[in-house]
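**Student:** How does the following fold in three dimensions:
(chains A and B)
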Amino acid sequence: MPTLIVSEKNKAAKRIAEALGPVTVINRSKYLKVYQVPSKNIYVVPLRGHILEYRNTDQFKSWINSNPREIITNPNSIDKIPNSYANPYIKALIDFAKKCDECVIATDADVEGCNIGLFDALPYVIKANRNIKVKQLWLSSLEKKEIVLKYRNLISPKWSWGETGEARAIIDAIIGFSSTREVTNTFRPILNEINNKFVSIGRVQTSLLYLIYLRDLEIEQFVPEQYWTITANLEHKSHIIKAVHTKNPFIKEKESKAKAIFQKIKNEKVALILNNTKESAIINPPTPLNTSKALVLLTRILRTSAKSVMNAMNSLYLNQIISYPRTDSDKYSPNFNHLPYLENFKPHMNYGSYTVKLFKENRLSPTTGKVYAGDHPPITPLVSLEQTSSKFENNLQKKVYDVLARHYLALFGKHATELRIKLRISIKDELFTSRLVSLTQSGFYEIAPFLKKTYQPIFEIEVKELPVKEILLDEKETQPPPHYTDTTLLKLMEREHLGTKSTRPTIIMILLDRKLTYNIAKNRFKITEWGKFLIQELIQVWLPFLKPDFTRFVENLLEDIKEKRKTKEDVIIIVKKIFLALFDKFRNEKNTITIKFDSVKDNLKTTMQQTSQKKFPQTTSKCPTCKNHPMKLITTSQKKRFLACSDRNCKTYLSVPKTGRITILKSTTCLKCGFNVFKILKRKVNKSNIYYICPKCWNDSFKEEGTIGFCSNCTDYQISKEQCVKRS
DNA sequence: GCAAGGTC
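**Tutor:** Take a look at the predicted model:
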């Protein structure tokens, strides 16, 4: 009788099947492939991560007519049901379970993997075939050798690991659903004012918001302190060498001391070099990239959001340009053969000469990080693509690939060398130091210059004296800590155990979407007035839940389930009890919150309006009515869009197509009426459609009968190479 | 209408 193997994702299913023998692919639906190994009588059915999710039962569907408190107390408040795309997967599990007498769970070798295999998929398998034998395939990598070996040594299912994931899901659902509803109901008068539909509360997101609140508070309450520094600019050939007084910084109490020193030396023209040491330092190439490190690096270099970088990596992976982007490995398996990948880059326009040099110098082993998670290698470029390649779907993918490819090549590079010169200097008996760091050997920086620090030009100092160009006494102020960026938020979340490598970018985005945070200059995050009000109120009643300690507390309990020290049920009872107490505290004290609403409502409304004012794209052509002002392409929060004259008094509006991405072509205008031509891109699953309209002509066409005012229907002109030209 | 966790 055949064997059914269940994997977490398509990629793993394919690899497992291929390792066990020649494969026949069974296309079950457009996206679902089952891999058959006829020689071994095996069917490998992939899943797509979790196929079930917790939802409120019908009894608790209504937000108004059900009691949020009962979501915690009533064991039937939530239920695990198939998600939107689960059906083909479930059907495949049932069909193949009926044919097989053995089921091997081969989902990822971690807590969520065990939960997906043993608690999402297996119940369907067993329901379809009560006598099926259940085993688990515990893979520490997807290499053929490992798969073959472990398939011969199947283990009994790791139920406790699966239960750990189940407890995590139940705890998050119960806490999230009950508190989101209760807090939404409480804050409803405020939500109406600021056009929010609800306020979401969750173990991870609310804790993160609290940390952002704390940082902003620290910045707000920061009291700058005055201090003074004495610096000397010394001349050496064409360079300026900056030296700092050894007693820097002079705090407020030492102001007079600083000024006295400055008075004493300000006209001195010679600096004596007392000591001149130099040392060479080696800078090693970076270590391979796991997901967290890649996100931190890419958001820092590209100055873009974690979410968009993660999306770009995922698309590159789906298009087989990079390896799997969700990995904890920052160390390659000793068996990983880098040669074919490196070989790819030899002819590359930008990376080629560096790569050829790697081969010449026989530098073919990468640096190594700390974790070999097994299932996937560190993030690796699989193919060599030029920046002009049409395989990139957008500019960001291009940039992400460039950084990842260069970083990968840097792993094999030679170390860089720094020259560090330290000078001890005396200016009229006042001691100064100067540190000069220059790059003497660029090594791997050649391919990955984005990893470089700032360096001074290379020079050596052999003289005993240097002329003083100027001596400066500067009054300065201490600076507050910076606002968080995507990069620093990712680091913070990792440090505080908030979220996972895959969910962190989404959680950062959720806070933005829900108007709890917003971006100020340079991708920096600030809590909104609304977020601040919310957290300030919650601190009064829910501080234990806001602190990241709560997640660590839950984590420890989950670990107890995994290690069989506690049962899933016991842990859920413990967490429910603690959270119910917090919930009741909120209920008992919520009058102290609602009583404040009248006094803060108006202020919140206006500040939130200011914060959310978007910059809408503008036409270069003028409004057809007033002929004075450009028009704005407005998109409302309900996703309706239209053109409006930027002069509010003019009140001219033009319709635009409801769907498709609009680009205002600024290099051409409609030769018929002079208005901008709009390019509309409609994305479909397989191909995209592009068409053009002039909004003025398009709107005019509504008043006439017959024609639709697309540019393609224009009798006199047509769009050619994004220019409006006479029809030939 | 809600969480956080997988994956496309």
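**Student:** How many residues are close by the residue of the stretch 51-200 of chain A found nearest DNA strand B?
**Tutor:** Nearest to DNA strand B, among the residues of the stretch 51-200 of chain A, is A:Gly176, at 2.0 Å (CB to the nearest atom of the strand). (Glycine included, C-beta is placed from N, CA and C.) Close neighbours of A:Gly176, defined as other CB atoms under 10 Å, add up to 19.
**Student:** Identify the residues contacting it.
**Tutor:** A:200-203 (CB atoms under 8 Å, 6 or more residues apart in numbering).
**Student:** Nearest to A:Thr659, out of those residues: which one, please.
**Tutor:** A:Ser200 (27.7 Å; CB to CB).
**Student:** Among the contacts of A:Gly176, which ones are in helices?
**Tutor:** Using DSSP state H, no member of the contacts of A:Gly176 falls in helices.
**Student:** and which of those residues is nearest to A:Pro505?
**Tutor:** Looking across these and measuring by CB to CB, the closest to A:Pro505 is A:Gly202, at 15.4 Å.
**Student:** My read is that the closest one contacts A:Asp172, right?
**Tutor:** Yes - counting by CB atoms under 8 Å, A:Gly202 touches A:Asp172, with 6.9 Å between them.
**Student:** ok so, going back, hang on, the residue of the stretch 51-200 of chain A closest to DNA strand B is in a helix, isn't it?
**Tutor:** Yes - under DSSP: H, G, I helix; E, B strand; the rest coil, A:Gly176 sits within a helix.
**Student:** Any figure for the gap between it and A:Asn395?
**Tutor:** Per CB to CB, to the nearest Å, A:Gly176 is found 36 Å from A:Asn395.
**Student:** just to revisit the earlier point, of the contacts of A:Gly176, which are in range of DNA strand B?
**Tutor:** A:200-203 (CB under 7 Å from any atom of the strand).
**Student:** Would you mind checking which of those residues is nearest to DNA strand B?
**Tutor:** Nearest member of the ones next to DNA strand B among the contacts of A:Gly176 to DNA strand B, counting by CB to the nearest atom of the strand, is A:Gly202, at 1.8 Å.
**Student:** Excluding sequence neighbours, find me the nearest residue to A:Val125.
**Tutor:** Of all residues not flanking A:Val125 in the chain, A:Ala97 sits nearest, at 4.2 Å (CB to CB, 6 or more residues apart in numbering).
**Student:** Let me know the pLDDT of the one you found.
**Tutor:** We have a pLDDT of 97 for A:Ala97.
**Student:** wait, it sits on A:Asn131?
**Tutor:** No - the pair A:Ala97 / A:Asn131 is not scored as a contact, 10.4 Å apart, by CB under 8 Å.
**Student:** For those two, work out which one has more neighbours and name it.
**Tutor:** Set side by side, A:Ala97 and A:Asn131 show more neighbours around A:Ala97, with 24 against 6, by other CB under 10 Å.
**Student:** which residues sit in contact with that one?
**Tutor:** So A:Ala97 contacts A:4, A:103, A:124-126, A:128-129, A:132 (CB under 8 Å, 6+ apart).
**Student:** in what helix or strand does it lie?
**Tutor:** According to DSSP states H and E, A:Ala97 maps onto helix A:87-99.
**Student:** and that helix with DNA strand B, contact?
**Tutor:** No - Helix A:87-99 lies apart from DNA strand B when judged by CB under 7 Å from any atom of the strand; the minimum separation is 9.6 Å.
**Student:** Dump whatever helix or strand comes next after that helix to PDB, restricted to CA.
**Tutor:** Of the helices and strands lying after helix A:87-99 in sequence (DSSP H and E), the nearest is strand A:102-106. The C-alpha coordinates for strand A:102-106 follow below in PDB (Å, rounded to 0.1, in the frame of the first residue of the first chain):
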ATOM      1  CA  GLU A 102       0.800   5.100   6.000                       C
ATOM      2  CA  CYS A 103       1.000   8.900   6.600                       C
ATOM      3  CA  VAL A 104       4.400  10.600   7.100                       C
ATOM      4  CA  ILE A 105       4.300  14.100   8.500                       C
ATOM      5  CA  ALA A 106       7.200  16.000   6.900                       C
END
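**Student:** domain assignment for chain A?
**Tutor:** A:3-51+A:86-157, A:167-221+A:483-603, A:226-284+A:416-477, A:291-410, A:618-726 (automatic domain parsing).
**Student:** so how far is the first residue of the first one from its last?
**Tutor:** What that stands for is domain A:3-51+A:86-157. Terminal residues of domain A:3-51+A:86-157 are spaced 16 Å apart (CA to CA, to the nearest Å).
**Student:** Kindly provide the distance from the residue minimising distance to the centre of chain A to A:Leu289.
**Tutor:** Centroid check for chain A by CA atoms, centre = their mean gives A:Ala306 as the closest residue, at 2.2 Å. Distance of A:Ala306 to A:Leu289, computed by CB to CB: 14 Å.
**Student:** buried stuff in the helix holding A:Ala97?
**Tutor:** Neighbour-count burial for helix A:87-99, counted by 16 or more other CB atoms under 10 Å, picks out A:89-90, A:92-93, A:95-97.
**Student:** Can I get those residues in CSV including distance to A:Arg641?
**Tutor:** CSV is the format used below for the buried residues of helix A:87-99 (distance: CB to CB, whole Å):
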residue, distance to A:Arg641
A:Tyr89, 37
A:Ile90, 39
A:Ala92, 41
A:Leu93, 43
A:Asp95, 45
A:Phe96, 47
A:Ala97, 49
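**Student:** among these, which two are most distant?
**Tutor:** For those, the farthest-apart pair by CB to CB is A:Tyr89 and A:Ala97; their separation is 12.3 Å.
**Student:** re earlier: list only those of the contacts of A:Ala97 flagged as buried.
**Tutor:** Buried residues within the contacts of A:Ala97, counting neighbours by 16+ other CB under 10 Å: A:4, A:103, A:124-125, A:128-129, A:132.
**Student:** I'd like these as a markdown table, with pLDDT, secondary structure and distance to A:Arg188 appended.
**Tutor:** Formatted as a markdown table, the buried ones among the contacts of A:Ala97 follow (pLDDT from 0 to 100; DSSP: H, G, I helix; E, B strand; the rest coil; distance: CB to CB, whole Å):
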| residue | pLDDT | secondary structure | distance to A:Arg188 |
| --- | --- | --- | --- |
| A:Leu4 | 98 | strand | 50 |
| A:Cys103 | 98 | strand | 48 |
| A:Tyr124 | 97 | helix | 40 |
| A:Val125 | 97 | helix | 45 |
| A:Ala128 | 97 | helix | 46 |
| A:Asn129 | 97 | coil | 50 |
| A:Ile132 | 97 | coil | 50 |
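**Student:** surely A:Ser280 meets A:His415?
**Tutor:** No - in terms of CB under 8 Å, A:Ser280 does not count as a neighbour of A:His415; the distance is 11.0 Å.
**Student:** Specify which residue of the two has the higher count of neighbours.
**Tutor:** A:His415 (14 against 10).
**Student:** surely that one meets A:Ile283?
**Tutor:** Yes - shown here, A:His415 and A:Ile283 form a contact pair, counting by CB under 8 Å, at 6.0 Å.
**Student:** so what sits against both of those two?
**Tutor:** Contacts common to A:His415 and A:Ile283, judged by CB under 8 Å, 6+ apart, are A:Gly443.
**Student:** tell me what the one helix or strand in chain A whose mean pLDDT sits lowest is packed against?
**Tutor:** Ranked by mean pLDDT, DSSP states H and E, the weakest helix or strand in chain A is strand A:676-683, scoring a mean of 77. Helices and strands touching strand A:676-683, as assessed by 3 or more CB pairs under 8 Å, 6 or more residues apart in numbering; DSSP states H and E, comprise strand A:618-622, strand A:661-669, strand A:688-693.
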